[in-house]
Structures are given as C-alpha cells and as structure tokens.
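# One predicted model, sequence on top.
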Amino acid sequence: MRNIKLTISYDGASFHGWQYQPGVPTIQGAINEAARKITQEKIVVYGASRTDAGVHALGQVAHFKTQSVLSALEFQRALNALLPPAIRIVVAEEMGHDFHARWSAQGKTYRYRIYRGRVLPPFEHGRALHYPWPLDEDRMAGAARLFEGEHDFSSFAASSGSEDDRDRSAIRVILSSEIVREPSREEIGYIVRGRSFLRYMVRKIVGTLIEVGKGRLAPQDILQLFELRDRSCSGPTMPPQGLYLVSLEYPDPTDSLAGAASRRSHASP
C-alpha cells in the first residue's frame, strides 16, 4: 500500500466542517468521494485537524493509503478535476508507511481575521469577523502574549458534553501568540502556534482578547482565568468564519533518514 499526503486549501463557508457526516457536505466527504472515483477503492482520507463548520484552511494536511499506481502529481491533478472549486489540493506527496497526518503532526498555526473597517467588503463576507467598534489593540497585543507557554486551557474551550471531552487533559503548550496589524486592509489578526488545541480554543481566546480590547477585562485577568478553569468566565466563542488553519508542522523526513543511516554505520558487523 502507498501512502499519499495531501496539503489542502479550502473555503469552509459552504461545508459542515472537515469530518464526514452523512447527508451534508463536508471536506473529508468530498475528498473521500473523489479519491474513490479515481482509485475504485474504498478510500478514507484522514485529516490532521477536524475543522468546524465555516472554518477555512490554507494548509490542512491529510493522508490516505492506496494500491493505485498513479503518481502523487497525477493524484493532485485528478482530485482537483473532481473536487468542488472551494477545495483545492495544493500539494500531493508520497510518504513512508508510518506517516499519519494527525498523529505525526508536531505543531499547528491558526489565524483569526478581524476586519476593523466601517463597512465589510462583500468579498470578505464569510471570511472575516466584522468588528468596526472601538478596541484597544495595544491592550489586546499585551494580553495575547500571556497565552504563551504551558497552561490549563479549561477556561478557553467549549465542551461537547461527551465522555471523551470530560476525560481529555486541558493542558496545552502555546509556542507563540500575537496580535498583528494590517493597516492596508483595515484588519487585525490573531496568530497562534501550538502543539495541539482544544475544541473552540482559538475562537474562545479571540473572544477573550476582544473583551480585553473593549476594557471589560484587563490583560492580567488572563492569568486568573487559567486558575479558575471555568469557561463561563472567559470571553464568548467567536464565529467560525474568521478562523483559518494556516499550516501543520511535521518532522523533517531527512532527519530520520540521516539518523537511520548513522545508526547503521555504527552498528556492529
């Protein structure tokens, strides 16, 4: 069996999220169907992140296994020919058998777009949060830095009510967290990079940062919210249309190959 890695970009506005659901359009469902038509096999595409309804991606990663002899480039072309225009396969690569889009990932980067202009351009409808009211962006930028490091993010995640959700640890490591200003587009963005995220975590963080920008919370209140571990005390979960999965990080395959070669060279004859 061959293992094909896909890097995928999509506009999530018209989809019910990544994960397959019978009877409704999803990203995974569309790619499964296209891959099955190409290979005549019961393909299941496994994604690195189960993005929610309305969330977009610039660099989602997925993989599937197949017996097809088509090259990775041929898969990319064939999939793009069958998929709806809102989903594009940006890159297709053949990987080793042990590669898994989700379990091999070492980090993720998300961006949340907040359009600050008085009138939202029609081309941005469904692609950014429109918030034209006053915000103290400097206070928001200071508060964003307080999310960096290892913390209990219970206050910044929405519960699904499932047993799995209750049993799951809320400890997460955030590698970078910042507010960036794009004056040419009357827009600010929240960019966060971490090893893994809880459900709705980024959207809850953005809601909390907006509360800081409005003056309802102080930046130092973030530290108290970590201690409270109470999601009702943080800001609201912001709408999905401003959220983008930007990229995934994986080990460099050349590192593992070099390590294997080194071990072989030092092995006893």
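Cool, the structure landed. Numbering: from 1, shown residues only.

# Hmm, Ala13 is touching Ile87, no?
No - applying C-beta atoms under 8 Å, one finds Ala13 not in contact with Ile87, separated by 11.8 Å. Any C-beta I mention is one placed from the backbone N, CA and C, and that applies to glycine too.

# secondary structure element for the residue nearest to Gly59 when sequence neighbours are not counted?
Excluding its sequence neighbours, the residue lying closest to Gly59 (C-beta to C-beta, 6 or more residues apart in numbering) is Ser247, at 4.0 Å. Element membership for Ser247 (DSSP states H and E) is strand 243-249.

# Identify the residues contacting stretch 39-50?
By C-beta atoms under 8 Å, 6 or more residues apart in numbering, the surrounding residues in contact with stretch 39-50 are 6, 17-19, 27-28, 31-32, 35-36, 57, 60-64, 66-68, 70, 100-102, 105, 108, 245, 248.

# ok, which stretches of the protein are helices?
Applying DSSP state H to the chain gives helices spanning 27-39, 72-82, 137-145, 163-167, 201-213, 221-228, 253-266.

# Check whether Leu225 really touches Ala157, as I assumed.
No - contact criterion C-beta under 8 Å: Leu225 and Ala157 do not qualify, at 11.7 Å.

# Bridged to Gly107, which residues?
Taking DSSP bridges as the rule, Gly107 bridges to Glu249.

# Stretch 172-192: which residues count as buried?
Neighbour-count burial for stretch 172-192 flags 172, 174, 177, 179, 186-192 (criterion: 16 or more other C-beta atoms under 10 Å).

# got a pLDDT number for the closest residue to Leu217 other than its chain neighbours?
Nearest residue to Leu217, sequence neighbours excluded (C-beta to C-beta, 6+ apart): Glu211, at 4.5 Å. At Glu211, the model reports a pLDDT of 98.

# how close does the closest residue to Ile210 other than its chain neighbours sit to Pro22?
Using C-beta to C-beta, 6+ apart and skipping residues adjacent in sequence, the residue nearest Ile210 is Gly235, 6.1 Å away. Distance, Gly235 to Pro22, by C-beta to C-beta, to the nearest Å: 34 Å.

# and if you look at Ala62?
19 Å.

# out of these two, which sits in the busier spot?
The residue with more neighbours, out of Ala62 and Pro22 and counting by other C-beta atoms under 10 Å, is Ala62; that gives 25 against 6.

# residues in contact with that one?
Ala62 makes contacts with 5-6, 8, 28, 31, 45-48, 101, as judged by C-beta under 8 Å, 6+ apart.

# In TSV, list the helices of the chain along with mean neighbour count and distance to Gln241.
What follows is these, written out as TSV (neighbours: other C-beta atoms under 10 Å; distance: least, C-beta to C-beta, whole Å):
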stretch	mean neighbour count	distance to Gln241
helix 27-39	20	15
helix 72-82	16	24
helix 137-145	19	20
helix 163-167	9	24
helix 201-213	25	10
helix 221-228	16	25
helix 253-266	10	35
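
# now for these, which one comes closest to Asp152?
helix 221-228 (5.9 Å; C-beta to C-beta).

# and that closest one, how far from the chain's centre?
24 Å (C-alpha atoms, centre = their mean, to the nearest Å).

# Report the mean per-residue pLDDT for it.
Summarised as a single mean, pLDDT over helix 221-228 is 97.

# Number of residues surrounding Gln67?
Using other C-beta under 10 Å, Gln67 is surrounded by 9 other residues.

# same check, this time on Phe153
Residues contacting Phe153 under the criterion other C-beta under 10 Å number 25.
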